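> What would the 3D arrangement of this be:
(chains A and B)
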Amino acid sequence: MEFLLENILNFVGFLVGLAIGIMSYIGFRNTGSPTLFRLTIAFLAISLGFFVIWSGYMLEDFVIKSGSIERGIQTVGIVIQTVGYFFIAFSHSIKSFFPKSNYFRSVGILPLFLVSTVQLEHIFRSISFILLVYGAIETMLSYRDNKNKGAISVSVGLGLLAFGEFLGWYSFVFPESMLYSISMIIKIVGLIALFIPVSKVPLKRIKFDDDLDKI
Amino acid sequence: MGEYRTQMKIIGDILSTTRDDLQDEDGATVTYLIRKANISHSRISTLLKTLVSQGLLERGDYQGSNRYKISQSGREFLQAYNSFTKFADNFGLNI
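Alright, predicted model coming up:
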């Protein structure tokens, strides 16, 4: 069951990340906007991260057949995804990643201390969690300004990915429970919520034009 | 306090004015664009030069004054700009 959900999650993550990454790239090519360039890097990294983990599971399933995914592959995939989440957070400005308050600084690095004795994978899961929560909050706050309902869906999507990341990270405390499966289902729903508003953006009749690159 | 506008937003405002909000069919004067796009003369002069050199605006001469009209490339750029503004809005970002 977990294996199947893991495959579905990573495949959906790969497709959603790739689709949004390509849309962002088309936008960057058409407008030259640095924001769209950062979104391109973010979503292509997220897509690549999911793809690496999905490939690891496929490799395990059809070639190695050891019963569990190679830990190194899983870690590399999560690190690449974290880079993507960083660029989403970075696009919202970096103010809460390097907060001025000493209190928030200490809270920001708290999860790193909590997992300092476990694997690198868990450290990056905790970083992803922080970045996703930040992205979700900033996106939700932006709704006040632009009243764009799509922002709510993206915010909920990022929030669900964060919650799923948290449950996945926390499930190592209760390895035999359903927590990990639930975390994957939540993440799949989050990815779908992320894609819904983006799929509604009218991109018809937009074409590449090299003359517009320099603007 | 006024809303911060990115350079891209200002360009979008200038192109929108020259497409949808012209005084007459001869094009918009610099003064008119300054008022509509709410931008200083020195800044709009640089932007207009860039937009004309990129082929997004066409400069014409009418009774001794420069007039600006949007070109076909400008219309395509503006359409892309509007679409991707909505796209970025979904992420709570400005392009």
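> now the helices for the chain?
If you meant another chain, say so; for now it's chain A. For chain A, the helices defined by DSSP state H occupy A:2-31, A:34-59, A:71-91, A:102-114, A:120-146, A:149-170, A:179-199.
> wrong chain, I was asking about chain B
Here chain B has its helices, by DSSP H, at B:7-20, B:30-37, B:41-53, B:72-90.
> do you know how far the spatially most central residue of chain B is from residue A:193?
Taking Cα atoms, centre = their mean as the criterion, residue B:14 is the residue nearest the geometric centre of chain B, at 1.8 Å. To residue A:193, residue B:14 is 36 Å away according to Cβ to Cβ, to the nearest Å. Heads up, the C-betas are built off the backbone N, CA and C, glycines and all.
> who's in contact with the residue in chain B that chain A sits nearest to?
Nearest residue of chain B to chain A (Cβ to the nearest Cβ) works out as residue B:92 at 2.8 Å. Listed by Cβ atoms under 8 Å, 6 or more residues apart in numbering or on different chains, the contact set of residue B:92 reads A:92, A:138-143, A:146, A:151, A:154-155.
> The residue nearest to the centre of chain B against residue B:43, yeah?
No. Between residue B:14 and residue B:43 there is no contact under Cβ atoms under 8 Å: 10.6 Å.
> just to revisit the earlier point, so what's the backbone phi/psi at the residue of chain B closest to chain A?
phi 70, psi 30 (degrees, to the nearest 10).
> which one of the helices of chain A has the lowest average pLDDT?
Among the helices of chain A, helix A:102-114 carries the lowest mean pLDDT, at a mean of 49.
> returning to what we had before: could the helices of chain B be laid out in CSV, adding distance to residue A:13?
Below are the helices of chain B laid out as CSV (distance: least, Cβ to Cβ, whole Å):
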stretch, distance to residue A:13
helix B:7-20, 30
helix B:30-37, 41
helix B:41-53, 40
helix B:72-90, 18
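> closest to residue A:44 out of those?
Ranking the helices of chain B by proximity to residue A:44 (Cβ to Cβ) places helix B:72-90 first, at 15.5 Å.
> Near chain A, which residues of chain B are found?
Residues of chain B lying close to chain A (Cβ under 8 Å from any Cβ of the partner chain) are B:8, B:11, B:50-51, B:54-56, B:73, B:76-77, B:79-81, B:83-84, B:86-95.
> Find the closest residue to chain B in chain A.
residue A:142 (2.8 Å).
> distance of the residue nearest to residue A:198 when sequence neighbours are not counted from residue A:163?
Nearest residue to residue A:198, sequence neighbours excluded (Cβ to Cβ, 6 or more residues apart in numbering or on different chains): residue A:20, at 5.4 Å. In this view, residue A:20 and residue A:163 are 20 Å apart by Cβ to Cβ.
> Neighbour count for these two, which is higher?
It is residue A:20, of residue A:20 and residue A:163, that has more neighbours when counted by other Cβ atoms under 10 Å in any protein chain shown, with 26 against 20.
> Identify the residues contacting the more buried one.
Residue A:20 touches A:39, A:43, A:194-195, A:198, counting by Cβ under 8 Å, 6+ apart.
> Ok, residue A:154 next?
A:139, A:193-194, A:197-198, B:90-92.
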